[in-house]
Structures are given as C-alpha cells and as structure tokens.
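**Student:** Structure for the following, please:
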Amino acid sequence: MDTDIVLFAEVVRTASLSAAGRSMGISPAMVSKRIARLEARLGVRLLNRTTRRLDLTARGAAYHRDMVEILAAIRDAEARVSDRTDTPAGPLRVSAPTSFGRLHIAPHLKPFLDAYPAIELDLDLSDGFSDVIGDRLDLAIRIAPAVPPSLTGHRLADSRRVLCAAPSYSAPRDAADLMEHCLLAAKGQMPWRLAGPGGDVTIDRPSYVATNSSEVVRELTLAGVGIALRSLWDVSADLAGGRLVRILPELAGSADVGIYAVHARGPVSSGTSALLDYLRDLWSPVPPWES
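**Tutor:** Have a look, this model is predicted:
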C-alpha cells in the first residue's frame with residue numbers, strides 16, 4: 001500500500017499536518033515533504049495550504065474520493081484474507097444536539113458500552129453544529145436537510161415536525177391566522193416552511209420569546225405560552241400523554257429534514273463503525289417516536 005496516499009487521506013481526515021503526523025508517527029515537516037512528493041508525482045496540487053487551514057483543491061477532492069474507497073477496499077481485503085477482527089477500542093468522540101442526545105442517545109448507550117467495554121466514549125451535547133473536522137470528532141448527529149459535501153453522511157431516520165401547543169392554548173383557525181398568534185422558536189429556527197394540501201406555506205416572524213435554547217422553546221410550549229413547530233422525536237410522548245396537542249394537523253414541517261450521522265470523509269475507526277451500526281439498528285425500521 002502506498003504510504004504517501006495513506007498519509008494524504010489522514011491529512012484530509014484530520015485537516016492538520018501536525019495531527020496527521022502524530023497519527024502516523026512522523027513530524028509535520030516530514031508530512032509536508034511527503035505530500036509535496038505525492039503532488040509532484042501526480043503533477044497536480046492536492047491541497048491549498050495557509051498558516052490557518054488546509055483545503056482540498058477540486059482535483060484533490062476528486063482524488064481523495066477515489067483513494068479512500070480504494071484504501072477501504074484494500075483494508076477489507078486484508079482483513080478477510082488474514083481472518084483478523086478489529087475489536088473496537090480507544091477514544092470515540094461523538095457530538096449530538098442537546099435534546100436529541102438526552103432523549104434518544106444517552107438512555108440507550110448501556111448495551112453498546114457493555115458490548116464494547118474497551119471504547120472510551122466522549123459524548124458532547126450542543127445545540128450548535130460542531131466542527132466535525134476541526135474538533136476531530138469521530139461521529140456527529142445532525143438534524144438537517146442535507147449533509148455538507150465535505151462530510152460523509154448516513155441518514156438514520158426522518159425528522160417529521162408538527163405544529164403543537166398546550167391544550168389550554170386557543171388554536172388558530174387556519175394558516176393565515178397563525179401570524180396573529182404567539183409563535184415560539186429558538187434563534188435560527190425561523191422561517192417555518194410548512195407543507196399542506198393547498199401547497200407550501202412560509203411563516204416568518206420573530207419568536208414571542210427570544211431564546212437560543214430549543215429546550216426552552218419546548219418548556220414554554222408545554223406551559224401554554226404559544227405554538228411551536230417541534231420534531232416528533234421531541235414531543236411524541238407529550239402528544240401521546242395529552243400534555244400537547246396538534247395545531248392545524250393538515251400542516252407539517254417540510255419533509256426534507258433528516259437525522260444524519262456524519263463523519264470526515266475517508267475510512268473510519270472500528271468504534272465509529274460499531275456505533276453507527278448500533279444507531280441504525282436502534283432507530284430502524286421505524287424509530288420509537290414514530291410508533
């Protein structure tokens with residue numbers, strides 16, 4: 001296996017000459033020299049380097065896509081021939097949205113940790129998107145319409161969203177009437193794009209209470225302050241228990257939003273693969289919040 005290609009894949013994965021050097025046991029200067037050697041051999045520039053960051057060139061990105069598939073195939077072939085098993089072990093850095101991680105990841109981790117006791121899990125919960133490459137995350141859960149082209153994404157489940165409020169809240173008559181009500185959304189969650197039998201509807205106005213916390217929006221909604229557009233994974237138990245009710249059930253959030261597991265492009269560790277498989281099994285074929 002060409003070690004310069006392996007090194008190039010590691011530089012892209014870590015987005016750092018120094019980090020790639022530590023991973024491969026060589027100095028940053030040697031990493032730079034070997035990447036330059038690979039570029040000279042190919043006759044193209046693969047990376048744009050500055051003092052602050054590394055970026056793939058267009059040709060570098062195309063080359064990287066091809067090479068990571070080839071490297072993964074080689075590793076798989078070697079493992080099959082030698083009958084090796086790669087037991088998941090070591091650090092596993094994961095991030096997830098705060099509410100989703102609290103409700104649907106943390107309560108289900110024990111079987112995974114029991115199955116892989118050598119894994120050292122580091123779970124970071126945050127309402128913002130983590131920098132997967134910059135923070136050297138092995139896996140990140142993202143709830144979004146799409147995955148950035150710089151990352152590899154695995155769609156684990158849909159994220160259907162519904163309008164809801166406390167039973168005590170006076171419901172609007174129709175979509176137009178929504179604009180006259182107290183609407184609740186965390187910063188960055190407006191406008192609402194709703195799909196209905198009459199076509200798409202866009203609702204764009206300031207939240208009745210300004211907050212950066214999605215969990216605060218949920219608590220305000222439960223308290224009867226206003227109407228929110230919430231994911232079923234967040235409010236299905238409250239809807240089933242009567243603490244919340246659907247508002248204008250003919251309308252729902254656009255169906256393009258999904259729950260993804262994302263990671264840097266290239267081969268992943270056995271621990272990352274194990275957690276990815278575990279989450280797939282946990283939420284398929286129908287996630288619990290949809291049942």
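**Student:** From now on I want contacts and neighbour counts done on CA atoms only, so please keep to that.
**Tutor:** Will do.
**Student:** For stretch 87-104, measure first residue to last.
**Tutor:** Distance between the boundary residues of stretch 87-104 (C-alpha to C-alpha, to the nearest Å) amounts to 25 Å.
**Student:** Distance of Glu250 relative to Ser32?
**Tutor:** According to C-alpha to C-alpha, Glu250 and Ser32 sit 58 Å apart.
**Student:** got it, and Ile70?
**Tutor:** 23 Å.
**Student:** Specify which residue of those two has the higher count of neighbours.
**Tutor:** Regarding Ile70 and Ser32, a neighbour count based on other C-alpha atoms under 10 Å identifies Ser32 as having more, with 17 against 13.
**Student:** Using the three-state scheme, assign the more buried one.
**Tutor:** Classification of Ser32 by DSSP: H, G, I helix; E, B strand; the rest coil places it in helix.
**Student:** now do Ile259
**Tutor:** Under three-state DSSP, Ile259 falls in the strand class.
**Student:** contacting residues around it?
**Tutor:** Listed by C-alpha atoms under 8 Å, 6 or more residues apart in numbering, the contact partners of Ile259 are 141-144, 155-159.
**Student:** now these as TSV including neighbour count?
**Tutor:** TSV is the format used below for these (neighbours: other C-alpha atoms under 10 Å):
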residue	neighbour count
Ile141	24
Arg142	25
Ile143	21
Ala144	14
Arg155	17
Leu156	21
Ala157	20
Asp158	22
Ser159	25
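**Student:** Mind checking which of those residues land in strands?
**Tutor:** Among the contacts of Ile259, the residues falling in strands (DSSP state E) are 141-144, 155-158.
**Student:** got these as a markdown table, with pLDDT and distance to Thr98 columns?
**Tutor:** As requested, the ones in strands among the contacts of Ile259 are arranged in a markdown table below (pLDDT from 0 to 100; distance: C-alpha to C-alpha, whole Å):
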| residue | pLDDT | distance to Thr98 |
| --- | --- | --- |
| Ile141 | 96 | 10 |
| Arg142 | 94 | 11 |
| Ile143 | 92 | 11 |
| Ala144 | 89 | 15 |
| Arg155 | 92 | 19 |
| Leu156 | 92 | 17 |
| Ala157 | 91 | 17 |
| Asp158 | 89 | 18 |
